[in-house]
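Asks: coords below, sequence missing:
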Ligand SMILES: Cc1cc2nc3c(=O)[nH]c(=O)nc-3n(C[C@H](O)[C@H](O)[C@H](O)COP(=O)(O)OP(=O)(O)OC[C@H]3O[C@@H](n4cnc5c(N)ncnc54)[C@H](O)[C@@H]3O)c2cc1C
């Protein structure tokens, strides 16, 4: 009898969690498993703000995918997914190759959400992957270098605008305020020449945290020179910066050499290109993480939409969520391969959230307990290392972990 073909798209948190759990639980020869990913490495998406600001080298945030695969059970294919033909049970790769599947897992992560705002795609950067992070770091360094060299100094070069004061925006600001003094020293520039502006359209910042923690984060970042424009929407980006507008106010221009857009994500564009029914590019999956009407297709991580029954709103896409999806997805795939009818329903086990504010500061709620300052920062590193451990065990933690054992 032919072995079932399992194809897993994306080697991020969700995809790698699925594949590493599956390779442990599956007996060799029970199924053909193929993992497809654009790069031959996995990157820690949750560390990209550090690589973007330049406080952590981009080589530290990734590791070879082969390091965590059991080559006897899983085949790795480095390729870019173009489209899924769900009615034909095939995946089309860039270059024309077609992969057939019996079971498919879509774990392709997200793209930046630009909400159709003019000029954002052309004139801003988003913290999406390792090469984007490297480009952001190099762009900021180039602006400092150009400022040092030019005779007629353009101070706007040294203005950095961060659009969106959610998790990613705030974590990036935390790294930036640590990097700027070092850049100023390196390029011989006075610190007060650098302007850092955070723009947030909502009246509240970091809505998932309580007010005391948010106030702590904002006053810390303000003390380090960040200027907050809250309740203010970015209306347009141009080659010279952005136009912003406070509710009911007049639009104003902030001239800037660097604009980072971190105001939200949508499911990977492959999902829409494949004709799935979506909300902001995410597929509303069944409790067992399969697609309604296509029960051999699982969608997990940032590509999946699951409603939190307590709030009646979608769960925000997070690494914690993607990894928990991966665990359930692996168990459900195993059941499918073994011919079992009833699958496990996903339930989110919220272990807490920690938002870093640079190397040694953070805010967080962990198992219901509020944390801030050094204790929260230590907890953030524990969370980062836990993700490495869950996928690659102690060896990976020793090699890549935040506590620098070696
Ligand atoms: C700066 C930053 C900080 C964050 N901090 C936190 C945090 O502290 N805690 C938290 O829980 N969450 C955090 N998040 C969110 C978290 O990183 C995501 O929710 C998580 O990465 C989603 O996991 P995933 O498996 O769905 O996708 P990802 O981990 O993004 O993986 C997707 C994979 O698919 C690959 N891929 C994409 N397109 C293609 C294609 N067409 N063909 C082939 N391969 C492709 C990518 O290369 C990648 O390997 C942060 C996000 C950012 C950007």
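Replies: It's in. As the structure is a prediction and not an experimental result, all values here were calculated from the model.
Asks: How about the residues of the stretch 1-150 of the chain by the ligand?
Replies: Within the stretch 1-150 of the chain, the positions adjacent to the ligand are 10-15, 36-39, 42, 45-46, 48-49, 80-81, 107-109, 127, 129 by CB under 6 Å from any ligand atom. C-beta here means a position set from N, CA and C on the backbone, and glycine is covered the same way.
Asks: Near the one residue in the stretch 201-350 of the chain that gets nearest to the ligand, how many other residues are there?
Replies: For the stretch 201-350 of the chain and the ligand, the shortest gap (CB to the nearest ligand atom) falls at residue 301, measuring 2.1 Å. Residue 301 is flanked by 32 other residues according to other CB atoms under 10 Å.
Asks: That one contacts residue 12, correct?
Replies: Yes. Applying CB atoms under 8 Å, one finds residue 301 in contact with residue 12, separated by 6.4 Å.
Asks: Show me the common contact partners of these two, please.
Replies: Common contacts of residue 301 and residue 12, defined by CB atoms under 8 Å, 6 or more residues apart in numbering, comprise 107, 108, 109, 322.
Asks: Same list, these, but as a markdown table with neighbour count and secondary structure please.
Replies: Shown next, in a markdown table, are the shared contacts of residue 301 and residue 12 (neighbours: other CB atoms under 10 Å; DSSP: H, G, I helix; E, B strand; the rest coil):
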| residue | neighbour count | secondary structure |
| --- | --- | --- |
| 107 | 30 | coil |
| 108 | 27 | coil |
| 109 | 23 | coil |
| 322 | 26 | helix |
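Asks: Those: which two are farthest apart?
Replies: Across the shared contacts of residue 301 and residue 12, the longest distance by CB to CB is 11.0 Å; it joins 108 and 322.
Asks: Spell out which residues are contacts of both of these two.
Replies: By CB under 8 Å, 6+ apart, the residues touching both residue 108 and residue 322 are 12, 301.
Asks: Could you pull up the residues touching the residue of the stretch 51-200 of the chain found nearest the ligand?
Replies: Residue nearest to the ligand within the stretch 51-200 of the chain: residue 109 (2.7 Å; CB to the nearest ligand atom). When contacts are counted by CB under 8 Å, 6+ apart, residue 109 touches 10, 12, 14, 45, 268, 301, 302, 303.
Asks: Which of those sits closest to residue 383?
Replies: Nearest to residue 383 among the contacts of residue 109, counting by CB to CB, is residue 45 at 13.2 Å.
Asks: Quick one: neighbours of the closest one, just the number.
Replies: Using other CB under 10 Å, residue 45 has 23 other residues around it.
Asks: Can you name the residues that contact it?
Replies: Residue 45 is in contact with 12, 13, 109, 129, 319, counting by CB under 8 Å, 6+ apart.
Asks: In this structure residue 217 contacts residue 358, no?
Replies: No. Between residue 217 and residue 358 there is no contact under CB under 8 Å: 10.7 Å.
Asks: Flag the shaky bits of the stretch 151-300 of the chain, pLDDT-wise.
Replies: Within the stretch 151-300 of the chain, no stretch has pLDDT under 70.
Asks: how about the helices in the stretch 251-400 of the chain?
Replies: Secondary structure of the stretch 251-400 of the chain by DSSP state H, counting those that start in this stretch: the helices cover 269-273, 319-337, 374-400.
Asks: Single out the most deeply packed of those helices.
Replies: Ranked by mean neighbour count, the helices of the stretch 251-400 of the chain are led by helix 319-337 with a mean of 23 (mean count of other CB atoms under 10 Å).
Asks: now for that helix, which elements pack on it?
Replies: Based on contacts counted as 3 or more CB pairs under 8 Å, 6 or more residues apart in numbering; DSSP states H and E, the elements that helix 319-337 packs against are helix 13-25, strand 103-106, strand 294-299, helix 374-400.
Asks: In space, not sequence, find me the middle residue of this structure.
Replies: Taking CA atoms, centre = their mean, the centroid of the chain lies closest to residue 45, which sits 4.5 Å from it.
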